[in-house]
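**Q** Sequence and predicted structure, then a few things I'm wondering about:
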Amino acid sequence: MFYTEERLKNWIERIKEASDPKESLEISDKMLEDFIIAGIKLLESIKSKEVTKKEAVEQIKGINEIINKRFNLEDDVKNELFEITKDSMRVVLKGLEFAVNGKISKKSFEKLFQEAVKMEKNSDVNGAFENLAKMAAKVLKGEKLPENFEIPDEDLLVIGWFDAVDAINTMQILKEIDRGDED
């Protein structure tokens, strides 16, 4: 299993132990990064034939069940932050599912995002989520986000979900840098 309930619970305990909101946020960011790294490693395991696509899809389903469980961090701010992070993890997970199944959109990042904003404004939250997951899949498969990507200054779910796509992009760039250091 590329990501276990025990691993998630370890992060939850660290968030619970955090002494202030800033520390909780930092731990939540690290939890998302850890989740993204695990997802990237799952894709690499498929590529190296350590895991079949079918096994990967089963693992993704199992992780989805874990993420969708209810956890109580015994603090309203921490619970809210955790739910936001879980939303980002869901974007990563759906993006992984698309990537594993080879469902990579040919649309540009900008087009997918513009459509997602429009969908959300028209109350199609599921469609908006799918578009962000399609963006995540593209990045997981190695495409880079444009450097000057325009984000509207509005209170929309897709903007929060975009953080997951941006985090994947950052992790992919860091992975490339690490590979360059090894050469």
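**A** That came through fine.
**Q** Can you tell me how far Asp29 is from Glu55?
**A** Distance, Asp29 to Glu55, by C-beta to C-beta, to the nearest Å: 29 Å. C-beta: built from backbone N, CA, C; applies to glycine.
**Q** Likewise for Lys69?
**A** In this view, Lys69 and Glu55 are 22 Å apart by C-beta to C-beta.
**Q** Neighbour count: those two, which is higher?
**A** With neighbours defined as other C-beta atoms under 10 Å, Lys69 and Glu55 compare such that Glu55 has more, 16 against 10.
**Q** quick one: average confidence on the host helix or strand of the more buried one?
**A** Counting by DSSP states H and E, the element that carries Glu55 is helix 53-67. When pLDDT is averaged along helix 53-67, the result is 94.
**Q** Give me the pLDDT for the residue nearest to Phe98 when sequence neighbours are not counted.
**A** Of all residues not flanking Phe98 in the chain, Ala137 sits nearest, at 3.7 Å (C-beta to C-beta, 6 or more residues apart in numbering). Note for Ala137: predicted pLDDT of 97.
**Q** how much space between Ala137 and Glu17?
**A** In this structure, Ala137 and Glu17 are separated by 34 Å, where distance is defined by C-beta to C-beta.
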